[in-house]
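>>> sequence-free structure coming up:
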């Protein structure tokens, strides 16, 4: 699905991501751990080509196509979706205005997703204006579920979300990544579903809480712009929880 | 651009009116079949929101100083040319030049001293007009000054929407001037939605003087849209809310281009208990200078008013100067204002691009959102033209 090769990026002449290598197979979910300021969000933004940075080396390959220099909206059209951690408020622009650009869905689907995500009361409002933390995540997920991307880039889905909302956010991400039983197509046997499933995800988490909701396949640790560890996401989370990110540095599988 | 300005020395553009020709108002009205107007003129009118194919709406068309067409179609609605109305109903002289003093300024005086023409609209007591009344003031010939005087009367319990399109042909470098006087009387429980599009040629200079008198529980809603480049324009209509619980709302959308000088405001005098008003303006500046004014005066207790001006500067070289003013003359009043001027935020454009929207559409969407946010019940006929222009602005980048 996605392959990043030796990617380095710089902002104002200062390199902030160093020689990143990353691979996400079809249907897999990769968790990206890392302390604040380690470059997680920058990596996500680099994948879709946003932000004020320069690629100094490396390539981004999506579905066997080099997208390193494609404009953002074209990358999105190829099947990438992003859930922003802190999306901006846009006055006078509501979800329906944006949804018109999101591709194939019908009104019925729109309504049922809006109901599922409990955002019906937000559809006509200026996007993110006065939304609570949970409302922001849920409206982000509504857009992604309408867009149906093959690769979802999800930035800190649990931040600013209260306990009540986290379950709903978790369920919606599972649906997006085709991890819920009801999302399985045509009641296929599990083995066939796994083969057929294309939806892949790269999820940034600072707290790791989302792991309680999403079955993840792999974990990466990003510290100071470098990937320092790769492995079982639950094991990594457990280590970080108990001993902090320094333990990952000591381990340094990637050295 | 960076220098601060003193409120008292706001630039004023003077027009030397002697450079324009004053036309006579012909004694007899020559009716033309508006469906046979040249396509180019129809299209100009349509861009000013006036649809001549609409045969349900009462329609009025004036070219320079000559009323060339008027069609009254709804019962309870009277649509005449002002001179005709004054001759027919001498008692109207009491209302003519009553809200606006001829000595207000030299432009007002000029209209007073010279031949003038315009529309007279009266909506009879209890009439709720379903269709709009559309009128078009068309400046057709270069080097001419158009002296307009409109008189609008809504009798008790009546309601109507009046749509006025002010527009011109390509007038070359000689241009033309439009001096417009409009006096509006809104009776008890009556409601007027007064929508106006200014769609001038870039050589036209405009001075518009409008005053509105609103009686008990009456409503005045103005929707004003300036979409095309104009040489300079100055207007600052004033609504006097004289009866208890009268309301006024001014919505303005102003687009400015390099070389334009736009000085547009709205004023409301809250002069009776429980009166209220809102003044909302949106300015998109692609160049040129815009002065956006607003004044609400709370004269008696128990009144409410809010004033809001938002400006978006798309390019270097543009200037937006907002002058929001509140005048409180009683302790028990609630008046507020907010004003903000800025540019399109990069992160908003990027957010939309991350939804698969290209930069042009993203900027268009943001401009449109900016213009409409907070504007209630904006007429669709005006929206179509605004949408088209927002898309155009998006296409030119930001």
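Sure thing, it's come through. Keep in mind the model is a prediction, meaning the values are calculated, not measured.

>>> Now do the residue of chain B most remote from its centre against chain A, distance only.
Here chain B reaches farthest from its C-alpha mean at residue B:354, the gap being 38.1 Å by C-alpha atoms, centre = their mean. Distance, residue B:354 to chain A, using C-beta to the nearest C-beta, to the nearest Å: 5 Å. In short, each C-beta sits where N, CA and C put it, glycine included.

>>> which ones are touching that residue?
A:48, A:50, A:72, A:76, A:82, A:84 (C-beta atoms under 8 Å, 6 or more residues apart in numbering or on different chains).

>>> If we use 6 Å, what do you get?
With contacts defined as C-beta atoms under 6 Å, 6 or more residues apart in numbering or on different chains, residue B:354 is in contact with A:48, A:82.

>>> do the same with residue A:20
A:4, A:7, A:227.

>>> Of these, which belong to strands?
Per DSSP state E, strands hold the following members of these: A:4, A:7, A:227.

>>> how about the first one, what does it touch?
Residue A:4 is in contact with A:20, A:22, A:60, counting by C-beta under 6 Å, 6+ apart.

>>> which one of those sits closest to chain B?
residue A:60 (15.1 Å; C-beta to the nearest C-beta).

>>> Could you pull up the contacting residues of that closest one?
A:4, A:67-68.

>>> need the helices for chain A, in chain order.
For chain A, the helices defined by DSSP state H cover A:40-48, A:72-77, A:95-99, A:107-116, A:133-147, A:163-176, A:190-196, A:233-243, A:245-251.

>>> Could you do the stretch 201-350 of chain B as well?
B:346-353 (DSSP state H, counting those that start in this stretch).

>>> mind showing which ranges of it have poor pLDDT?
Applying pLDDT under 70 to the stretch 201-350 of chain B flags no residue at all.

>>> Flag every residue of it that's near chain A.
Residues of the stretch 201-350 of chain B lying near chain A by C-beta under 6 Å from any C-beta of the partner chain: B:347-348, B:350.

>>> out of the residues you listed, who's nearest residue B:395?
For these, the residue nearest residue B:395 by C-beta to C-beta is residue B:348; the value is 17.4 Å.

>>> Is the closest one in contact with residue A:89, as I believe?
No. The pair residue B:348 / residue A:89 is not scored as a contact, 8.1 Å apart, by C-beta atoms under 6 Å.

>>> more crowded one of these two?
residue B:348 (22 against 16; other C-beta atoms under 10 Å in any protein chain shown).

>>> show me what contacts that one?
Residue B:348 neighbours (C-beta under 6 Å, 6+ apart): A:88, A:90, B:366.

>>> separation between residue B:208 and residue B:181?
8 Å (C-beta to C-beta, to the nearest Å).

>>> more crowded one of those two?
Neighbours were counted for residue B:208 and for residue B:181 using other C-beta under 10 Å; residue B:181 has more, 27 against 21.

>>> Help me confirm that that one comes into contact with residue B:111.
Yes. Residue B:181 is within contact range of residue B:111, at 5.3 Å (criterion: C-beta under 6 Å).

>>> partners of the nearest residue to residue B:104 once chain neighbours are set aside in the sheet?
Excluding the flanking residues, the one nearest residue B:104 by C-beta to C-beta, 6 or more residues apart in numbering or on different chains is residue B:209, at 6.4 Å. For residue B:209, the beta-bridge partners under DSSP bridges are residue B:181.

>>> Residue B:209 and residue B:181 touch, don't they?
Yes. The pair formed by residue B:209 and residue B:181 meets the contact definition of C-beta under 6 Å, at 5.2 Å.

>>> what do the two both touch?
residue B:100.

>>> returning to that earlier point: between the helices of chain A, which gets nearest to chain B?
Chain B sits nearest to helix A:72-77 of all the helices of chain A, at 3.8 Å, using C-beta to the nearest C-beta.

>>> quick one: the closest one near chain B?
Yes. Using C-beta under 6 Å from any C-beta, helix A:72-77 comes into contact with chain B via A:72-73, A:76-77.

>>> Mind putting those into a markdown table with pLDDT and neighbour count?
As requested, the residues of helix A:72-77 next to chain B are exported to a markdown table (pLDDT from 0 to 100; neighbours: other C-beta atoms under 10 Å in any protein chain shown):
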| residue | pLDDT | neighbour count |
| --- | --- | --- |
| A:72 | 94 | 26 |
| A:73 | 94 | 21 |
| A:76 | 95 | 25 |
| A:77 | 94 | 17 |
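
>>> quick one: residue B:114 from residue B:95, how far?
Applying C-beta to C-beta to residue B:114 and residue B:95 gives a distance of 20 Å.

>>> no no, residue B:249
Taking C-beta to C-beta, one finds residue B:249 at 23 Å from residue B:95.

>>> can you tell me which residues contact residue A:162?
Per C-beta under 6 Å, 6+ apart, neighbours of residue A:162: none.

>>> Next, the closest residue to residue A:76 other than its chain neighbours: secondary structure please.
Leaving aside its chain neighbours, residue A:76 sits nearest to residue B:356 (3.8 Å; criterion: C-beta to C-beta, 6+ apart). Three-state call for residue B:356 (DSSP: H, G, I helix; E, B strand; the rest coil): coil.

>>> ok, residue B:356 touching residue A:74?
No. In this structure, residue B:356 is not within contact of residue A:74 by C-beta under 6 Å, at 8.4 Å.

>>> What distance do you get for residue B:18 to chain A?
Taken as C-beta to the nearest C-beta, the span from residue B:18 to chain A is 45 Å.

>>> Surely that residue is within a helix?
Yes. Under three-state DSSP, residue B:18 falls within a helix.

>>> just to revisit the earlier point, neighbour count winner among residue B:356 and residue A:74?
Set residue B:356 next to residue A:74 and count neighbours by other C-beta under 10 Å: residue B:356 wins out with 23 against 14.

>>> ok, which residues in the stretch 51-200 of chain A are in contact with chain B?
Near chain B, when you scan the stretch 51-200 of chain A using C-beta under 6 Å from any C-beta, you find A:72-73, A:76-77, A:82, A:87-88, A:90-93, A:98, A:101.

>>> Identify the farthest-apart pair in those.
Pairwise over these, using C-beta to C-beta, the maximum falls at A:77 and A:91, 26.1 Å.

>>> what about residue B:249 and residue B:95, which has more around it?
More neighbours surround residue B:249 than the other of residue B:249 and residue B:95, with 22 against 17 (other C-beta under 10 Å).

>>> Ignoring the adjacent residues along the chain, who's closest to residue B:243?
Residue B:243's closest residue in space is residue B:216 (C-beta to C-beta, 6+ apart), at 3.1 Å.

>>> Can you give me every residue that contacts whichever residue of chain A sits closest to chain B?
Among the residues of chain A, residue A:92 lies closest to chain B, at 2.8 Å counting by C-beta to the nearest C-beta. Counting by C-beta under 6 Å, 6+ apart, residue A:92 touches A:126, B:369-370, B:372-373.
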